[in-house]
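> Mind looking at a prediction? Sequence and model below.
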Amino acid sequence: MNHREPLRVFAWCCVLAGVVIAASYAAYASYETTRREEAWFQRELRSESVSRLRQAIRDVDAGLRPASVIVSPWPGVIGGACVGAFGIVLVTIRRPGRSGAGEERRGS
């Protein structure tokens, strides 16, 4: 194992972690949005206000929902992309090799 091997392992772990972070946060955002939407509708049902309930039913039928229930997946996707990009940068770093006594020099 040479001195660069731990760096390459860390770099590939960053790439993998970036993909996992982006995918899992997108799934979390979808789940949390659904959960918040259900909680919002339950609050409307418990409000005992006919006009609020009618409006909520119209909104659900039209596919609309309050902005407060929507969880954006973009922060996690961008964070995962940044971690993955950092790993890619680490993988692509080329350090000059050390010339030993038996190695030929390039360009000579």
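Nice, I can see it.
> List the buried residues of stretch 40-57.
40-41, 44, 56 (16 or more other Cβ atoms under 10 Å). (C-beta placed from N, C-alpha, C; glycine too.)
> Between these, which sits nearest L16?
W40 (36.1 Å; Cβ to Cβ).
> per-residue pLDDT, that closest one?
pLDDT for W40: 93.
> measure the residue nearest to R36 when sequence neighbours are not counted to I78 for me?
Nearest residue to R36 in three dimensions, chain neighbours excluded: V69, at 3.9 Å (Cβ to Cβ, 6 or more residues apart in numbering). As judged by Cβ to Cβ, to the nearest Å, V69 and I78 stand 21 Å apart.
> okay, the two: which has more neighbours?
V69 (16 against 13; other Cβ atoms under 10 Å).
> which residues does the more buried one contact?
For V69, the contact set (Cβ atoms under 8 Å, 6 or more residues apart in numbering) comprises 33, 36-37, 39-40.
> Quick check on these: which are buried?
By 16+ other Cβ under 10 Å, these give 33, 36-37, 40 as buried.
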